[in-house]
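[1] Just need the structure, nothing else, for what follows:
(2 chains)
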Amino acid sequence: KQEVTQIPAALSVPEGENLVLNCSFTDSAIYNLQWFRQDPGKGLTSLLLIQSSQREQTSGRLNASLDKSSGRSTLYIAASQPGDSATYLCAVNLSSNTGKLIFGQGTTLQVKP
Amino acid sequence: DTAVSQTPKYLVTQMGNDKSIKCEQNLGHDTMYWYKQDSKKFLKIMFSYNNKELIINETVPNRFSPKSPDKAHLNLHINSLELGDSAVYFCASSQGRVGRLEFFGPGTRLTVL
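    Numbering: from 1, shown residues only, chains lettered A, B, ... in the order given. Purely as a prediction, here's the structure:
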């Protein structure tokens, strides 16, 4: 059974710091992995998707890496800003045929001005 | 333009009542989903419909019944509400049975008293 774990559960950093959020999964047979952002009281925003054959994806100040063999992904946020404060969720998809995602519990990030 | 919308945003009701949550997407997608986020922030898939056909049905009590009148709508009806049903329910959509899920609704916070 696939399980997704995110560490730490919460993180507080001063503005401008570079930071890394971690995601691990127990079954390496994934189709892809997505990182989402969730703001309080809002839905999910898809940030990055990494296919199982890829090692990393970049979007602006965000960089996500994937090491399928070790069951790990990281989300790197460069030069953090207060507007980055949110909960970050990673999710794995086991199949190309469905949108059935297995989510981690999320890391709640606070960036202090 | 709202891509995936849900109504109501908040729903407070008594145990034993029957309630419905509505979801509509204007993206022209043919696959829609219901996810549940519990008090510990875990998001888990409940149902998925493709072209009004049920394709994912996780282990969900049969008090929960999804209904898809057309491709653009997926409603969730809950009978005999219980305290444990309190959660945030998210609707999502995708085009085809693809391995990427990008579009989530804003969520419906259900509180059962």
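
[2] Spell out which parts of chain B neighbour chain A.
    Within chain B, the positions lying close to chain A (Cβ under 8 Å from any Cβ of the partner chain) are B:4, B:31, B:33, B:40-45, B:48, B:55-56, B:90, B:92, B:94, B:97-107. (Each C-beta comes from the backbone N, C-alpha and C, glycine too.)

[3] Grab the most central residue of chain B for me.
    The centroid of chain B falls nearest to B:Trp34 when counting by Cα atoms, centre = their mean (3.2 Å).

[4] Figure out how far the worst-scoring helix or strand of chain B on mean pLDDT is from the centre of its chain.
    Between all helices and strands in chain B, the lowest mean by mean pLDDT, DSSP states H and E belongs to strand B:53-57, at a mean of 85. Relative to its chain's centre, strand B:53-57 lies at 13 Å (Cα atoms, centre = their mean, to the nearest Å).

[5] right, and the helix or strand after that strand?
    strand B:64-70 (DSSP states H and E).

[6] What is the burial count for the residue nearest to A:Asn18 when sequence neighbours are not counted?
    Among residues not flanking A:Asn18 along the chain, A:Ala78 sits closest, at 5.2 Å (Cβ to Cβ, 6 or more residues apart in numbering or on different chains). By other Cβ atoms under 10 Å in any protein chain shown, 13 other residues sit near A:Ala78.

[7] isn't A:Ser65 right up against A:Glu56?
    Yes - using Cβ atoms under 8 Å, A:Ser65 is in contact with A:Glu56, at 4.4 Å.

[8] And the two? Which one has more around it.
    It is A:Ser65, of A:Ser65 and A:Glu56, that has more neighbours when counted by other Cβ under 10 Å, with 18 against 14.

[9] so what's that one bridging to?
    A:Glu56, A:Thr74 (DSSP bridges).

[10] One more: A:Thr107?
    Under the criterion used (DSSP bridges), A:Thr107 bridges to A:Tyr88.

[11] And stretch B:106-113, what's buried?
    B:106-110, B:112 (16 or more other Cβ atoms under 10 Å in any protein chain shown).

[12] which ones among those are found in strands?
    B:108-110, B:112 (DSSP state E).

[13] wait, which of these is closest to chain A?
    Taking Cβ to the nearest Cβ as the measure, chain A lies nearest B:Arg109 of these, at 8.1 Å.

[14] Excluding covalently adjacent residues, which one is nearest to A:Cys90?
    Nearest to A:Cys90 is A:Cys23, by Cβ to Cβ, 6+ apart, at 3.6 Å.
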